[in-house]
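1. Fold the following, please.
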Amino acid sequence: MTEYLRTLLLFPFELLLPVLGLLLIQSESPINSLIYRSFLGSIAALIYALIGAPDVALTEVMVGTLLSSLIYIVTIRSCYTVVIIVDRSSPPDTALKDSLKLIFDELHLKVVYQEEDMTESMEHNFQFLSSSKLSGSPHTLMCRTTFYVEVKTLLDDICQTTAYKQNTALFQLKEAFS
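-> Residues are numbered from 1 along each chain as shown. The predicted structure follows:
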């Protein structure tokens, strides 16, 4: 009877494994993939522990969940990109682009420029910040000489860089949704 009860209790967890596997494969977001992979490893470790294989469960937790998640986080961080939205009709000059490159190099972030047709309405221009292009990356908006940053933590990081402190005269820095 206990074997039957154990099998019955494990069944919902066993059903989660293929569902999480499919979500992991079809996910476009690296962060969501990391979450699905961690849950997959944790549930597999739980199943191993419940069927009497604690050594395999421990190995799954240590290697399959923790180590692979850590490596995945480092990989995501190493290829993180900042999307700078600029006006198609008046792109930033070379000096400004060089200054921005120095700032984001110091933060170990890649820069991608996304050209859009901006208007005089800042409300309209701020809609570009929610663009699905390069989703997962923080977006910024360059309007003339003002640089709007979508994420407060990124704004704080930029302010701390040596490159920004040396080039504060090139542009103003503001939080987009303050």
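2. Extract the C-alpha set from the helix or strand hosting residue 58 and format it as CSV.
-> Per DSSP states H and E: residue 58 is located in helix 54-59. Extracted C-alpha coordinates of helix 54-59, given in CSV (Å, rounded to 0.1, in the frame of the first residue of the first chain):
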residue,chain,number,x,y,z
PRO,A,54,19.4,10.7,-2.2
ASP,A,55,22.9,10.6,-3.7
VAL,A,56,21.4,11.3,-7.2
ALA,A,57,19.1,13.9,-5.7
LEU,A,58,22.0,15.7,-4.1
THR,A,59,24.0,15.6,-7.3
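3. following it, which helix or strand shows up next?
-> Helix 54-59 is succeeded, C-terminally, by helix 68-78 (DSSP H and E).
4. for the record, mean pLDDT for that following helix?
-> Average pLDDT, helix 68-78: 76.
5. Residues contacting it, please?
-> If you take C-beta atoms under 8 Å, 6 or more residues apart in numbering as the criterion, helix 68-78 is touched by 30, 31, 33, 34, 37, 38, 41, 108. Any C-beta I mention is one placed from the backbone N, CA and C, and that applies to glycine too.
6. Residue 90: how many residues sit nearby?
-> 11 (other C-beta atoms under 10 Å).
7. Now for it: which residues touch it?
-> residue 144.
8. Dihedrals phi and psi, it?
-> Main-chain dihedrals, residue 90, degrees, to the nearest 10: phi -140, psi 80.
9. before we move on, back to that, any idea which of the contacts of helix 68-78 is closest to residue 130?
-> Closest approach between the contacts of helix 68-78 and residue 130, by C-beta to C-beta: residue 31, at 17.0 Å.
10. Could you check how far the closest one is from residue 68?
-> Look at residue 31 and residue 68: by C-beta to C-beta, to the nearest Å, they are 15 Å apart.
11. pretty sure residue 111 is in a helix, no?
-> No - Residue 111: not assigned to a helix; according to DSSP: H, G, I helix; E, B strand; the rest coil it is strand.
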